[in-house]
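> Dropping a prediction and its sequence here:
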Amino acid sequence: MARAIERIERDIAGIKEAIRAIALELQTAYASYLNTLGLAVRKQLILASYHLCTQGYPENFLNLSLNQRQQLQQAIRNLGQVAGEKLLACIQSEEVGVDEGDERDEEVTSSLSSGLVDTSNSQSFTADTSNPIELVKWQQNLEEVTQEILKKVSHDANVLIQKSGVLPKKLPEPILAAAAAAASEASGEVMPGPPNLLNLVIEIENEQQSEDSGLTQIMAINLRLGEIEFADVTLSSERRQIRSILVQLNKLGREYQKKHRERAIAEAEAAWRASWFE
């Protein structure tokens, strides 16, 4: 029985080593993906702003002076630059270790980056790169932070364009927030019409006479990950690579859980025999 447990331990050690290799591959893939995504976001933000100003509210845009237009365009470029920097900041290099509670786990020798920067409070999440469950959690957190960044830049862009006088001033803040939130709720969808724009029909009530309220159609920036990836061949390719790595991780994760179950059974059987007496 001791030999069986030792064999299972060797199998687990081998699986964990393979998971560490997958973790490094996954991090490298995400680093490249987020860099490409940052470039794509800047491009798509400018394109969406162009459509909003020229097709959504051309009269309002024409009312701006040349200097005002240039200031708006520069502010949009700056916003896209900041978004790209935030995406790159999602993944950091820092040494990670194993769960201290498991004394049988060997020391991790890799220095895989696994930090996640939360854009709201800058807290980080550190994963054990030999544990597939923690690695999946790391990946899911990274995707969530990415969506939050797209949501934030969509909202900031809409506020910026509204302050410039292109978007109607009468649009309340909750409407702009709702437009940005739609980006995360249906991020994988590709919508008809100009990319990364949201068309809404809302009811705006007259402040003095509520009976004069009516339906108003508005257009707002709504950066969607699915549409951004669809428009960029390199980004789409890198997303496919990430999916391929995750398939490998899921397979190893099943083996990892299976071997831990086998070890628990073998140890329980050994404990039974050790305590049994006639």
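Here it is on my side, so go on.

> Walking through the protein, point out its strands one by one.
197-204, 214-221 (DSSP state E).

> what does the last one contact?
The set of residues external to strand 214-221 that reach it, using Cβ atoms under 8 Å, 6 or more residues apart in numbering, is 45, 48-49, 52, 55-57, 154, 157-158, 161, 167-168, 171, 175-176, 179-180, 196-204. In this view, the C-beta of every residue, glycine as well, is placed from N, C-alpha and C.

> so of those, which ones are in helices?
45, 48-49, 154, 157-158, 161, 175-176, 179-180 (DSSP state H).

> Tell me the one among those residues nearest to I76.
Checking the ones in helices among the contacts of strand 214-221 against I76 by Cβ to Cβ gives S49 as the nearest, at 4.9 Å.

> In contact with the nearest residue to the closest one once chain neighbours are set aside, which residues?
Nearest residue to S49 in three dimensions, chain neighbours excluded: I76, at 4.9 Å (Cβ to Cβ, 6 or more residues apart in numbering). I76 makes contacts with 45-46, 49, 157, 160-161, as judged by Cβ under 8 Å, 6+ apart.

> try 7 Å this time
45-46, 49, 157, 160 (Cβ atoms under 7 Å, 6 or more residues apart in numbering).

> Write down the beta-bridge partners of L197, one by one.
I221 (DSSP bridges).

> and it, how far is that from G38?
20 Å (Cβ to Cβ, to the nearest Å).

> repeat for V233
For V233 relative to G38 (Cβ to Cβ), the value is 16 Å.

> What are the buried residues along stretch 38-55?
Using 16 or more other Cβ atoms under 10 Å as the test for burial, stretch 38-55 gives 38, 40-42, 44-45, 48-49, 51-53.

> ah, wrong one, I meant stretch 153-167
153-162, 164, 166-167.

> which residues touch that stretch?
41, 45, 49, 52-53, 57, 60-61, 63-64, 68, 72, 75-76, 79, 83, 169, 171, 176-177, 179-180, 183, 220-223.

> Type out the ChimeraX command that picks the buried ones from the residues you listed.
If you want just the buried ones from the contacts of stretch 153-167 in ChimeraX, going by 16+ other Cβ under 10 Å, the selection is:
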select :41,45,49,52,53,57,60,61,64,72,75,76,79,83,171,176,179,180,183,220,221,222,223
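
> if we can go back for a sec, got a pLDDT number for the residue nearest to S49?
I76 is assigned 97 on the pLDDT scale.

> same thing with S187?
On the pLDDT scale, S187 gets 51.

> By average pLDDT, which secondary structure element in the protein comes out worst?
helix 173-185 (a mean of 64; mean pLDDT, DSSP states H and E).

> So for stretch 7-20, what gets flagged as buried?
Result for stretch 7-20 [16+ other Cβ under 10 Å]: buried residues 8, 11-12, 15-16, 18-20.

> for stretch 136-147, same thing?
136, 138-139, 141-142, 145-147.

> now do stretch 224-236
224-229, 231-232, 235.

> Over to stretch 130-137?
130-132, 134-136.

> Please report how far N196 lies from L72.
Taken as Cβ to Cβ, the span from N196 to L72 is 17 Å.

> Low-confidence regions, the protein specifically.
1, 92-121, 123-126, 178-192, 202-214 (pLDDT under 70).

> Please enumerate the helices of it.
Under DSSP H, the chain gives helices at 2-51, 58-62, 66-88, 132-164, 173-185, 225-230, 233-275.
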